[in-house]
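> below: sequence and its predicted model.
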Amino acid sequence: MSISNLRCKECSAEFELDASFYCTSCFGPLEVLYDHSDLKPDEARRRIQAGSRGIWRYSDFLPIDGRAGDPLEPGMTPIIRADRLAERLGTEAEIYIKNDAANPTHSFKDRVVAVAIAKAKELGFETVACASTGNLANAVAAHAAAAGLESYVFVPANLEEQKLLATDIYGTNLVGVNGNYDDVNRLCTQLADQKPWAFVNVNLRPYYAEGSKTLAFETVEQLGWELPDRVVSPIASGSLFTKIARGFEEWLEVGLVGGEFPVFNGAQAEGCSPVAIAFAEGAKVCRPQRPDTIAKSLAIGDPADGPYAVAQAKRTEGGIDAVSDDEIRAGIRLLAETTGIFTETAGGVTVGVLEKLARRGELSAGEKVVVYITGEGLKTLDANRDGFALAEVDPDPASFESKFGQEVAV
Amino acid sequence: MAVTVKIPSQLRAATGGQAELEADGTTVGEVLDAVFAEHEQLKERITDDGEVRRFVNVYVGGEDIRFGDGLGTGVEDGAEVTILPAVAGG
């Protein structure tokens, strides 16, 4: 780790490395500035390979020193080649699924929270908090419990019950806010101004967001120290999408990997698609929306990093698409049937967009496409409840045969 | 038409430390102009070329003015206008 300052992404003003998240002159977002001038790629690669089996192996590229024995260390989630999925999609591209549901609280949010909580401890905070659509709530509550910190978790009160119960269990102060995620976010921005707390995605956001770069680092390592040709990732605030790009960029800059920068395809739900619409209209800013979609974990109507996500898709000649709730449900089912991976609605969005790209013929034969599956299906079970009916039989073979109509071989 | 304007802590150096200001106006634009007349430094921080900066959110009674008429959004007597950084969340 060799971080020097926080820097405004808009006007480049520099700030101390404390709990601040926006530029005092232009309100632009702050990001962590690294000094890699002394970094030798061979040595960095050795340190990575000799490191832990999770995100702390990338401490050189994170804003905090890795913690030995982190009981909830996230990362090094499986990447699998999904040939049957490619076949069903009718594409000859090589499809890889990066299954980030395989983290301690079953979403990619463990990555950002592990970094933010380590930073919160370093800065001396005793209480951590967040504004969440659910997955972050789970992660903050769990990591705070593991670290022995007090926590406050703010969520829209109408969240999926699975996500509420799986947050409350860790003994956090769970606060259901009467409003949508953007209302929760506004409340937390105001509280962050008044309370001596570390809001992981408000006043610690510059550090928190860095955790998402580890998805890019792992992808490179798991593909044999090579870049993919294309990535497909969901977009809510746009932070994950832009930080995956930043991860690839950083490793290209320091020489840990070579080759062409991947094409970036973003995925949103039609019921909350401010970034997809801005991309389609060629706009530089996103008009806020009032979300109405089953993909609640992506339901951010006023995405903080929306303009950067649009620019990222444009720069790489990729795109940002939106899919309907029915396409989300179909995406969840398609992934489960072809890979054995059960994802939540956000993953349904991502697979839905992959399906669109394949249908439009945008995936070339042999190109390596990495699809980021960011959360677990058990958290949004209700999404695919409609149309489900259990086939019941009596406990005797004749009853089974009458229902399933097969001959018993004697 | 007196309106309360809430200022985030990082901008309070420009208001002599005040967290809340009183101003008159019938639209958000008029209220902000009244605030800028008193606290000149705030103008450049919050607006750019007469528009609200893209990483600044302005709310009237909790409602984002972009769902209304932007700076033309009307304010009632006693309303609360809140200025917040837009780069949180996600």
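Okay, I see it.

> alpha carbons only for contacts and neighbour counts from here, please
Fine.

> what about residue 33, how many residues nearby?
Reading this off chain A. 18 (other C-alpha atoms under 10 Å in any protein chain shown).

> hmm, I had chain B in mind actually
17.

> list the buried residues of the helix or strand encompassing it.
Taking DSSP states H and E as the definition, one finds residue B:33 inside helix B:28-38. Residues of helix B:28-38 classed as buried: B:28, B:29, B:30, B:31, B:32, B:33, B:34, B:35, B:36 (neighbour count, 16 or more other C-alpha atoms under 10 Å in any protein chain shown).

> show the contacting residues for residue 57.
Since you didn't name a chain, this refers to chain A. A:47, A:48, A:49, A:50, A:51, A:66 (C-alpha atoms under 8 Å, 6 or more residues apart in numbering or on different chains).

> that answer is for a different chain, and I need it for chain B
Contacts of residue B:57 by C-alpha under 8 Å, 6+ apart are B:64, B:83, B:84, B:85, B:86.

> beta partners for the fourth one?
Looking back up the chat, that one is residue B:85. residue B:56 (DSSP bridges).

> residues near it, how many?
27.

> get me the contact residues on chain B for chain A.
By the rule C-alpha under 8 Å from any C-alpha of the partner chain, the part of chain B lying against chain A is B:8-11, B:45-46, B:53-56, B:62, B:66-67, B:84-90.

> and the helices in chain B?
B:28-38, B:40-46 (DSSP state H).

> please work out the average pLDDT along the longest one.
Per-residue pLDDT over helix B:28-38 has a mean of 97.

> relative to residue A:348, how far out is residue A:28?
32 Å (C-alpha to C-alpha, to the nearest Å).

> what do you get for residue B:40?
50 Å.

> got the contact list for the residue in chain B sticking out farthest from the centre?
No residue in chain B has its C-alpha farther from the mean C-alpha position than residue B:90, which lies at 23.7 Å (C-alpha atoms, centre = their mean). Contacts for residue B:90 (C-alpha under 8 Å, 6+ apart) come out as A:131, A:132, A:201, A:236, A:237, A:238, A:239, A:300, A:303, A:304.

> can you rerun that using 7 Å?
By C-alpha atoms under 7 Å, 6 or more residues apart in numbering or on different chains, residue B:90 lies in contact with A:201, A:236, A:237, A:239.

> and the residues of chain B next to chain A, which are buried?
Here, 16+ other C-alpha under 10 Å leaves B:8-11, B:45-46, B:53-56, B:66, B:84-90 buried among the residues of chain B next to chain A.

> now residue A:302, nearest residue through space, not along the chain?
residue A:288 (4.7 Å; C-alpha to C-alpha, 6 or more residues apart in numbering or on different chains).

> in a strand, the one you found, correct?
No - secondary structure assignment (DSSP: H, G, I helix; E, B strand; the rest coil) places residue A:288 in coil, not in a strand.

> OK, contacts around residue 2?
Since no chain was named, I'll use chain A. Residue A:2 neighbours (C-alpha under 7 Å, 6+ apart): A:34, A:35, A:36, A:60.

> not quite, I wanted chain B
B:22, B:23, B:24, B:77, B:78.

> tabulate those residues (TSV), appending pLDDT and neighbour count.
Output for these, formatted as TSV (pLDDT from 0 to 100; neighbours: other C-alpha atoms under 10 Å in any protein chain shown):
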residue	pLDDT	neighbour count
B:22	96	16
B:23	96	19
B:24	96	19
B:77	95	12
B:78	95	13
